[in-house]
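[1] the following block contains a protein sequence and its predicted model.
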Amino acid sequence: MNREKLNVGMIGFGARGTLLLRDIILPLGKADIKSVCDSYEDRAEKAADQVEEVQGKRPTVTLDYHEVIADPEVDTVIITCAWEDHIAIAIEAMRAGKAVGMEVGGAYTVEQCWELVRTYEETKTPIMMLENCCYGRREMMAMHMAELGVLGTVVHCKGGYHHDLRDEVSGGEKYRHYRLRNYLNRNCENYPTHELGPIAQLLHINHGNRMVSLTSTSSKAAGLHEYITDRMGKEHELAHAAFAQGDVVTTVIRCAGGETITLTLDTTLPRYYSRDFTVRGTKGMYEEVTDSVFLDKQHEAYDFKWKEQWGNAEEYSKEYEHPMWKQYKEEGVRGSHDGMDWLVFREFFDSILNETSCPIDVYDTAAWMCITALSEESILAGGRPVMIPDFTKGAWTTR
Ligand SMILES: NC(=O)c1ccc[n+]([C@@H]2O[C@H](COP(=O)([O-])OP(=O)(O)OC[C@H]3O[C@@H](n4cnc5c(N)ncnc54)[C@H](O)[C@@H]3O)[C@@H](O)[C@H]2O)c1
């Protein structure tokens, strides 16, 4: 292709799509937005206004995503809609030869992950999950430290999506937000990739390692009911709703290399935001919650007074900042989510424009997304272990 710009059709203009368009995609200047789509007309029109203001030309507006994919002017489709349609849209776009950038989310069935992989293998149309947390500064620094051997042999990683979403979920009808219907009807690790993405990259999943099996266990669901009755009143239409989604879901994944990964979904109880990203190796650890690095033979004296070292990771960034971030800081960090949104979109656009492989490919996308469907199965079976498919069909040993 080797062109200056992509011709993009974008689907989904809720909170995320609207922010990405304004703060990342238009300012990056690597895409002409040709078509915008949302099931809600007001949202699609508002997105078109935004595009027209910057590009000087109004994109096509549609409420039907099939029209975006069929549009001959569009060569790249960006999916920022609700979770349920991510994979179906991606598959249809790939079959039409349109490159795909897909926002994060989990899968509903393992079979649809296989279909995604088969579609890629048949069409070779590039697809990338836009997992911004893979470009988080500390995630990348920890990955760099692991690559340099500073943490020794990595044995265990943990992460979580700790985010109080009680307002977003319970305000579902008012906000027209998709999370409400999911929380009413499913109980699973519904949002694994913010923490699993960087961990999978650090553990070389699909590149010499793979996730083999998992168990998931769910707590009861009490947070939303109490929040709704307390804040919205006992007469509210959701006051007697039976939420399927447990407040805290814990998933333990075992890898072929012997490592374990713990994921926690924690979105309906009061708390602060955290991805709880933690890497444990034979020579040391990084921990996001205290933003600290603990190294063997350096920090033993602090083991019972670790508070004194909280925040020491910044010191280590002088030596271990990831090279991509070092350069990015010199250029000037831009955009939302502490700069990682900018990086993930820049990497996606560049890989399509330069025809290089997507840094998060279809095998990563399928492996990370299937955790949601498998966790649902494990929870339903009382925490029974379930096998995680090898979407590379053996190629992980040599990739
Ligand atoms: N990477 C991140 O940091 C991050 C942050 C927030 C959200 N997200 C992801 O972005 C996506 C959207 O999240 P959101 O919070 O903006 O949700 P939202 O509910 O606010 O918006 C989703 C929009 O998609 C539209 N939509 C749904 N199905 C559609 C279809 N078939 N065709 C056309 N339009 C459709 C809805 O009408 C809605 O306007 C989700 O996948 C979410 O996980 C990612």
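    Received the coordinates, thanks. Numbering: from 1, shown residues only.
[2] quick one, what contacts the residue of the stretch 1-150 of the chain found nearest the ligand?
    Of all residues in the stretch 1-150 of the chain, the one sitting closest to the ligand is G14 (1.7 Å; C-beta to the nearest ligand atom). The C-beta positions use only the backbone N, C-alpha and C, and glycine is treated the same way. Counting by C-beta atoms under 8 Å, 6 or more residues apart in numbering, G14 touches 38, 43, 80-82, 176-178.
[3] specify which member of these is nearest to L19.
    Comparing the contacts of G14 against L19 with C-beta to C-beta places T80 closest, at 9.2 Å.
[4] state the distance from the residue of the stretch 1-150 of the chain closest to the ligand to Y65.
    14 Å (C-beta to C-beta, to the nearest Å).
[5] and for Q50?
    Per C-beta to C-beta, Q50 is found 19 Å from Y65.
[6] neighbour count: the two, which is higher?
    Shown here are Q50 and Y65; by other C-beta atoms under 10 Å, Y65 has more neighbours (23 against 19).
[7] from C358, how far out is the more buried one?
    Where C358 is concerned, Y65 sits at a distance of 21 Å (C-beta to C-beta).
[8] how about E111?
    Distance from E111 to C358, by C-beta to C-beta: 23 Å.
[9] more neighbours: which of the two?
    Neighbour count, other C-beta under 10 Å: between E111 and C358, C358 has more, with 19 against 13.
[10] show me the contacts for that one.
    126-128, 348, 351-352.
[11] cool, and M143?
    Contacts of M143 (C-beta under 8 Å, 6+ apart): 198, 201-202, 322.
[12] same question for Y363.
    Per C-beta under 8 Å, 6+ apart, neighbours of Y363: 117, 206, 391-392, 396.
[13] still on that earlier bit, taking the contacts of G14 together, which two end up most distant?
    For the contacts of G14, the maximum inter-member distance is 14.4 Å, found between T80 and R176 (C-beta to C-beta).
[14] compare those two (neighbour count), which wins?
    Applying other C-beta under 10 Å to T80 and R176 shows that T80 carries more neighbours, namely 25 against 15.
[15] can the top helix by length along the chain be found next to the ligand?
    The longest helix of the chain (DSSP state H) is helix 362-380. No - if you take C-beta under 6 Å from any ligand atom as the test, helix 362-380 misses the ligand, and the best it gets is 10.9 Å.
[16] restricting to C-alpha, output that helix in CSV.
    Output of helix 362-380 as CSV, limited to C-alpha atoms (Å, rounded to 0.1, in the frame of the first residue of the first chain):
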residue,chain,number,x,y,z
VAL,A,362,-5.2,-12.3,15.2
TYR,A,363,-3.8,-15.1,17.3
ASP,A,364,-3.3,-12.8,20.3
THR,A,365,-6.7,-11.3,19.8
ALA,A,366,-8.4,-14.7,19.8
ALA,A,367,-6.3,-16.1,22.7
TRP,A,368,-7.1,-13.0,24.9
MET,A,369,-10.8,-12.7,23.9
CYS,A,370,-11.6,-16.4,24.5
ILE,A,371,-10.8,-16.1,28.2
THR,A,372,-14.2,-14.4,28.6
ALA,A,373,-16.1,-17.3,27.1
LEU,A,374,-14.0,-19.9,29.0
SER,A,375,-14.3,-18.1,32.3
GLU,A,376,-18.1,-18.2,31.9
GLU,A,377,-17.9,-22.0,31.4
SER,A,378,-15.6,-22.5,34.3
ILE,A,379,-17.8,-20.4,36.7
LEU,A,380,-20.9,-22.3,35.6
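[17] show me what secondary structure element comes after it.
    Next along the chain after helix 362-380, taking DSSP states H and E as the criterion, comes strand 386-387.
[18] pLDDT on that next one, on average?
    Strand 386-387 carries an average pLDDT of 98.
[19] same check, this time on stretch 24-32
    Mean predicted confidence for stretch 24-32 is 97.
[20] which residues sit against it?
    Residues contacting stretch 24-32 (C-beta under 8 Å, 6+ apart): 4-8, 10, 33, 50-51, 54-55, 76, 78, 334-336, 341-342, 345-346, 349-350, 353.
[21] repeat that for 7 Å
    The contact list for stretch 24-32, computed with C-beta atoms under 7 Å, 6 or more residues apart in numbering, reads 5-8, 54-55, 335-336, 341-342, 345-346, 349, 353.
[22] can you pull out the strands in this structure?
    Here the chain has its strands, by DSSP state E, at 6-11, 31-37, 60-62, 76-79, 99-102, 127-129, 154-162, 211-218, 248-255, 260-266, 278-281, 284-287, 292-295, 386-387.
[23] so how far is K318 from the residue at the greatest distance from the centre of the chain?
    Residue farthest from the centre of the chain, counting by C-alpha atoms, centre = their mean, is A301 at 37.3 Å. According to C-beta to C-beta, A301 stands 22 Å off from K318.
[24] cool, I11 as well?
    For I11, the distance to K318 - C-beta to C-beta - is 42 Å.
[25] next: K174.
    From K174 to K318 the distance is 47 Å (C-beta to C-beta).
[26] same check, this time on S213
    Taken as C-beta to C-beta, the span from S213 to K318 is 40 Å.
[27] please say which of the two ends up with more neighbours.
    Under the criterion of other C-beta under 10 Å, the comparison of S213 against K318 puts S213 first, with 15 against 7.
[28] so the more buried one touches D390, yeah?
    No - taking contacts as C-beta atoms under 7 Å, S213 lies outside contact range of D390: 11.5 Å.
[29] so which bits of the stretch 1-150 of the chain are right by the ligand?
    So the stretch 1-150 of the chain meets the ligand at 11-17, 37-40, 43, 65, 80-83, 85, 103-105, 132 (C-beta under 6 Å from any ligand atom).
[30] start and end of stretch 287-299, how far apart?
    End-to-end distance of stretch 287-299: 14 Å, with C-alpha to C-alpha, to the nearest Å as the criterion.
[31] hmm, I typed the wrong one, I wanted stretch 253-270.
    In stretch 253-270, first residue to last residue: 26 Å (C-alpha to C-alpha).
[32] contact partners for L165?
    Contacts of L165 by C-beta under 7 Å, 6+ apart are 179, 267-268.
[33] how far away is it from G172?
    10 Å.
[34] need the overlap of contacts for those two.
    Common contacts of L165 and G172, defined by C-beta under 7 Å, 6+ apart, comprise R179.
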